[in-house]
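>>> with the sequence up front, the predicted model follows.
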Amino acid sequence: MTTKRESILADIASSLAGTVQVGSRIYRSRVVPLARGESPAIVIEPISDTAEQVTALPTLDWSLTVRVSVIVRSAVPDQAADPIIEDMHSKIVSDLTLGGYAIDVQPQSVNFELVEADQPAGVISCDYVVRYRTSVSDLSS
């Protein structure tokens, strides 16, 4: 059995397959640095997940913050990442239920980290809040 959280993260990863310029370089919670030849790439990671009981029913409403980072190498990294981010965003919000696991998906913020390396690099992180519901006693339903 899999939690709804894991199903949501898996759905986001699968929906991003074929993102422009990225192909299959889509990683879940990757902690190993990317080699030069592995970029551009996308890394998907959960940031936080907060529960709230808002009804008298035995359910929990969750707010899962998911960070989707685009990693590029270019003289102007944010410019190089722009078409990737545009395609990525449209794929994430094309199904606001994420395969039926979520209630809603809302973009939250975009952060830019530009670094000097052997070739200038950038990590553009897009945070999304995914709202979903589970029963109090079972995180998979």
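Perfect, thanks for sending it.
>>> in the sheet, who's paired with the residue nearest the centre of the chain?
The chain has Val68 as the residue nearest its centroid, 3.4 Å off, counting by CA atoms, centre = their mean. Counting by DSSP bridges, Val68 forms beta bridges with Ile44, Cys126.
>>> I'd guessed it sits against Met88; true?
Yes - Val68 sits in contact with Met88 when judged by CB atoms under 8 Å, with a separation of 6.3 Å. All C-beta spots, glycine's among them, are computed from the backbone N, C-alpha and C.
>>> shared neighbours of the two, anything?
16, 42, 126 (CB atoms under 8 Å, 6 or more residues apart in numbering).
>>> mind putting those into CSV with neighbour count?
Putting the shared contacts of Val68 and Met88 into CSV (neighbours: other CB atoms under 10 Å) gives the following:
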residue, neighbour count
Leu16, 19
Ile42, 23
Cys126, 20
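>>> and the residue with the largest distance to the centre of the chain, how far is that from Ile44?
Relative to the C-alpha centroid of the chain, counting by CA atoms, centre = their mean, Ala56 is the outermost residue, at 31.3 Å. Note on Ala56: its distance to Ile44, by CB to CB, to the nearest Å, is 35 Å.
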